[in-house]
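# Predicted model and sequence below, questions to follow.
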Amino acid sequence: MKLTPADILQEVGAERIEGPTDRVFTDFASLLEATPTDVSFFSDVRYEAYLYKTAAGAVLLSTEYCPKKPLPPQVTWIFVKRPEQAFYKLVQRYKSVPLPSWGREPHAYIHPSAIIPEETYIGAFSYVGEGVRLSRRVWIFPYAYIGPGVEIGEDTLIYPHAVIMPGTVIGRNCIIHPGAVIGADGFGFYKGETRLYERIPQVGRVLIEDEVEVGANTCVDRATLGSTRLGQGVKLDNLIQIGHNVQIGPHTAIAAQSGIAGSSVIGAYCRIGGQVGIADHVYIADQTSIAAQSGISKSIHAPGKAWRGAPAQEVRQQLLMEALMRRLPELYPRFRELEKTLSQP
């Protein structure tokens, strides 16, 4: 990789450049790890001190940023509207790992009825079942399982050891990371006449819309009937459990180790932190934010609010309760003394 300040200006539309402009950069790095041949960026005032310690050759920063003191003259300072966004655009353009070329590697099994365009990559030891329909520019990496009747849209990546169970539909520009399991049976049982658990048949499917990303070792269960659905642009982190018949609205993001029980409905543009638990048959309104380790046992109908705690409450109320709880050791003796005083005749 060779990148000059002029290249950066052309790629991200920098408004101005200060410092040397006759240098060449060969990599990207954080402010503290960067060397004189690296490009870095600054977008968080918590790390402002790093600007004066960095050895980076070039740093992208906001046009709205006003330095408290002169910036080091040996660094090329590139001012853009959104430095973080511009930085990752450059990384994607100049540093992305190339994808394998089209073709079928040895030892891959492909059922004769599967529809596989020429512009498709099928990795070694992967399995493509009966009636599978792949669109153009789909990558099936080694050891992936694509079950019967699966449909996968254009420009989608299925990474190694991902399991796509029968009947699943995946849209365009999706990424299914290693070890993810899409379409396994939901957790459905009932007590029969002998009081033993009997299986409820899970005969639905999973429907994943365009531009969805499913993290490593995340599980999305098939519906009992109908569809478990991930809306357009949904982003799931690693180690998440999505129960049967769950509906997740467009552009919602969920962090690692969260679990959503069956038949819950999550709105659009929600943000759900790590280790959040959501009970079954719960409704979450659009643009809801839920802090990490929260527990949601009841529906949230008002959109655009932030929730925290277990059981979860609106953030302001929950923070007030936490503050009062911290004062209990101090207040309890006073309460007991007041109680004794009031009980005297």
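Happy to help now that I have it. Residues are numbered from 1 along each chain as shown.

# In stretch 84-99, which of the residues would be classed as buried?
Judged by neighbour count (16 or more other CB atoms under 10 Å), stretch 84-99 contains these buried residues: 86-87, 90, 94. (Glycine included, C-beta is placed from N, CA and C.)

# What is the burial count for residue 265?
The local packing of residue 265 (other CB atoms under 10 Å) involves 17 other residues.

# Contact partners for it?
By CB atoms under 8 Å, 6 or more residues apart in numbering, the contact set of residue 265 is 246-247, 249, 282-284.

# what's the neighbour count on the closest residue to residue 287 other than its chain neighbours?
Closest residue in space to residue 287, ignoring its immediate chain neighbours: residue 304 at 4.4 Å, by CB to CB, 6 or more residues apart in numbering. Residue 304 has 12 neighbours, counted by other CB under 10 Å.

# Now residue 304: which helix or strand?
Assigning secondary structure by DSSP states H and E places residue 304 outside every helix and strand.

# quick one, what contacts it?
Residues counted as contacts of residue 304 (CB under 8 Å, 6+ apart) are 285-288.

# Now those in TSV, please, with extra columns for neighbour count and pLDDT.
Shown next, in TSV, are the contacts of residue 304 (neighbours: other CB atoms under 10 Å; pLDDT from 0 to 100):
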residue	neighbour count	pLDDT
285	18	98
286	16	98
287	17	98
288	23	98
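
# Of the residues you listed, just say which sits nearest to residue 242.
Of all the contacts of residue 304, residue 288 has the smallest distance to residue 242: 16.7 Å, by CB to CB.

# May I ask you to confirm that that closest one is in contact with residue 300?
Yes - assessed by CB atoms under 8 Å, residue 288 is found in contact with residue 300 at 5.6 Å.

# Report the set of residues contacting both of those two.
Joint contacts of residue 288 and residue 300 (CB under 8 Å, 6+ apart) are residue 307.

# so how far is residue 189 from residue 251?
Separation of residue 251 from residue 189 (CB to CB, to the nearest Å): 34 Å.

# Could you do residue 321 as well?
Counting by CB to CB, the gap from residue 321 to residue 189 is 37 Å.

# Please apply the same query to residue 69.
66 Å.

# out of these two, which sits in the more crowded spot?
Neighbour count, other CB under 10 Å: between residue 69 and residue 189, residue 189 has more, with 11 against 6.

# Can you spell out which residues form a bridge with that one?
Under DSSP bridges, the beta-bridge partners of residue 189 are residue 199.

# quick revisit: inside helices: which ones of the contacts of residue 304?
Among the contacts of residue 304, no residue falls in helices (DSSP state H).

# Residue ranges in the chain under the pLDDT threshold?
Within the chain, no range satisfies pLDDT under 70.

# Output the longest helix belonging to it.
Once the chain is assigned using DSSP H, the helix that runs over the most residues is helix 328-343.

# Determine how far that one lies from the middle of the whole chain.
49 Å (CA atoms, centre = their mean, to the nearest Å).

# go on, stretch 328-345?
From the chain centre to the centre of stretch 328-345 is a distance of 51 Å (CA atoms, centre = their mean).

# That's all I had, so thanks and see you.
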